[in-house]
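Peer 1: need coordinates for the below:
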Amino acid sequence: MEKIKYEYFRCIMEDNSQEEYDLQREHSSVIFDQFRAYLKAKGVKEKKAEELENRAFFFIMDYLFTYSDTTNIIAVNKNIIRVYMGNWYIRKFMNPTMKEINASLRAVSSFYTFLHEEGFVSKDTLEEINSVCKDKKWFEMRLKTYHKAGRENFYDWIQEYNYDEY
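Peer 2: Predicted coordinates:
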């Protein structure tokens, strides 16, 4: 299996076209292939490993490299995850559930644990990411307040961790 290089963590997309997306997928594929192999080596069943890989891939490709100003996978921090799962994901998906949110948080946590074990993410960064991924009550509060926000409060809800402003 090909060795992961730092260059694979970088976003190379110049726009949000399908062609650029496909190039980025190819560019970063070694990371995700090795993530799945790592999960399987840890005893994760094929179907679960595929789900975790897909959710981590979605976070990177469809949020981080498309909506966020972050251009490097290893530059993720707690605010990026809060914006992703506590605003963007809730607004972009019709009727998201806590089960889906928790599954995505587990995938992000597993992915960055893998990157830490491979020496690409510091212990402090991993602890920050894992801490926010374990803050289920905060994400549940965000989901509940999204559904309860009336017209007068909806703007304020959006502004808190608004992905257009981060």
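Peer 1: rest of the way, CA atoms for contacts and neighbours
Peer 2: Fine.
Peer 1: lowest-pLDDT helix or strand in the protein?
Peer 2: The weakest-scoring helix or strand in the chain, judged by mean pLDDT, DSSP states H and E, is helix 151-159 (a mean of 84).
Peer 1: Tyr37 is in what secondary structure piece?
Peer 2: Let me fix one detail, which is that residue 37 is Ala and not Tyr. Per DSSP states H and E, Ala37 falls inside helix 18-41.
Peer 1: what's next to that helix, contact-wise?
Peer 2: 1-4, 8-9, 11-14, 46, 49-50, 53, 57, 61, 111, 114 (Cα atoms under 8 Å, 6 or more residues apart in numbering).
Peer 1: now the buried members of the residues you listed.
Peer 2: Burial by neighbour count, judged by 16 or more other Cα atoms under 10 Å, picks out 4, 8-9, 11-13, 49-50, 53, 57, 61, 111, 114 from the contacts of helix 18-41.
Peer 1: tell me which entries of those lie within strands.
Peer 2: Secondary structure from DSSP state E places none of the buried ones among the contacts of helix 18-41 in strands.
Peer 1: which one of those is nearest to Ile81?
Peer 2: Ile81 lies nearest to Phe111 out of these, by Cα to Cα, at 12.8 Å.
Peer 1: quick one: contacts for the closest one?
Peer 2: Taking Cα under 8 Å, 6+ apart as the test, what Phe111 contacts is 35, 53, 56.
Peer 1: tell me the contacts of Ile12?
Peer 2: The contact partners of Ile12, by Cα under 8 Å, 6+ apart, come to 20, 23-24.
Peer 1: and the residues you listed as a markdown table, adding distance to Ala103?
Peer 2: A markdown table is the format used below for the contacts of Ile12 (distance: Cα to Cα, whole Å):
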| residue | distance to Ala103 |
| --- | --- |
| Glu20 | 28 |
| Leu23 | 27 |
| Gln24 | 24 |
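Peer 1: of the residues you listed, which is the most crowded?
Peer 2: Using other Cα atoms under 10 Å as the neighbour criterion, Gln24 leads the contacts of Ile12 with 20 neighbours.
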